[in-house]
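Participant: no letters, just coordinates:
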Ligand code: NI
Ligand code: MN
């Protein structure tokens, strides 16, 4: 069993009997988050890109847990420079970790981190397919719709897809509905909406537009889904 917990925005925790990881832990900066970074216990932190609402507390959580950061090369190297342990990967590559097999996918987006000295570009953003105990979970990261989502669904038949629906920075509801058609997952959970005014959406509208073959679930912050 894989327990998938929504921590708000694009942050999800994944727990199996023996393993625990987190993706895009934007907690201390997110007024809707209910979990404190110091309460997160994980062995790996996966980061899709360098924007502040995704890198979030990732470096601090990794250091506190002696956890490895898994991210595209440039972002992983930046995290190493900040003193965290990191495992650099890149788009199209896969690696077997103790908790499961991680594959990096494309994402159409940016990956610049705002700093005192301006924007620091941290390479390409990504999405992740993680195979936990034979079940494939796709976390799309921040992205627009792309037709290669069909390829992702074909290569890694998906038990669960986590898709942004907020629009403005990523896909909105119409695009995410099309993404579901291309990916053909068994389950889908929307993310990256309602955190800021510009990404206000009604997630129930997204669920109501899904094909009958796909089960959609809206998670409130702190709620979990069992796979
Ligand atoms: Ni972003
Ligand atoms: Mn974002």
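Facilitator: Received, thanks. Fair warning: this is a prediction, and the values are worked out from it, not measured in the lab. Ligands and ions are numbered 1, 2, ... in the order given.
Participant: going along the chain, name the helices of this structure.
Facilitator: Residue ranges of the helices in the chain, as given by DSSP state H, are 52-55, 58-65, 73-81, 149-155, 173-183, 203-208.
Participant: elements contacting the last one?
Facilitator: Same thing as helix 203-208. Where contact means 3 or more CB pairs under 8 Å, 6 or more residues apart in numbering; DSSP states H and E, helix 203-208 is packed against helix 173-183, strand 187-191. Every residue, glycine included, has its C-beta placed from N, CA and C.
Participant: what about 7 Å?
Facilitator: helix 173-183 (3 or more CB pairs under 7 Å, 6 or more residues apart in numbering; DSSP states H and E).
Participant: what's the distance between the helix it packs on and the middle of its chain?
Facilitator: Remark: helix 173-183 is offset 17 Å from the chain centroid, using CA atoms, centre = their mean, to the nearest Å.
Participant: and stretch 190-209, by the same measure?
Facilitator: In terms of CA atoms, centre = their mean, the centre of stretch 190-209 is set 16 Å apart from its chain centre.
Participant: and the contacts of that stretch?
Facilitator: With CB atoms under 7 Å, 6 or more residues apart in numbering as the test, stretch 190-209 has contacts from 8-10, 30, 32, 142, 162-170, 172-173, 176-177, 216, 218.
Participant: is ligand 2 within reach of that stretch?
Facilitator: No: Stretch 190-209 lies out of reach of ligand 2 by CB under 5 Å from the ion, never closer than 5.8 Å.
Participant: for that stretch, buried residues please.
Facilitator: Neighbour-count burial for stretch 190-209, counted by 16 or more other CB atoms under 10 Å, picks out 190, 191, 192, 193, 194, 195, 199, 201, 203, 206, 207.
Participant: is it up against ligand 1 anywhere?
Facilitator: No: against ligand 1, stretch 190-209 shows no contacts by CB under 5 Å from the ion, the least distance being 8.3 Å.
Participant: first vs last residue of that stretch, how far apart are they?
Facilitator: One end of stretch 190-209 to the other measures 12 Å (CA to CA, to the nearest Å).
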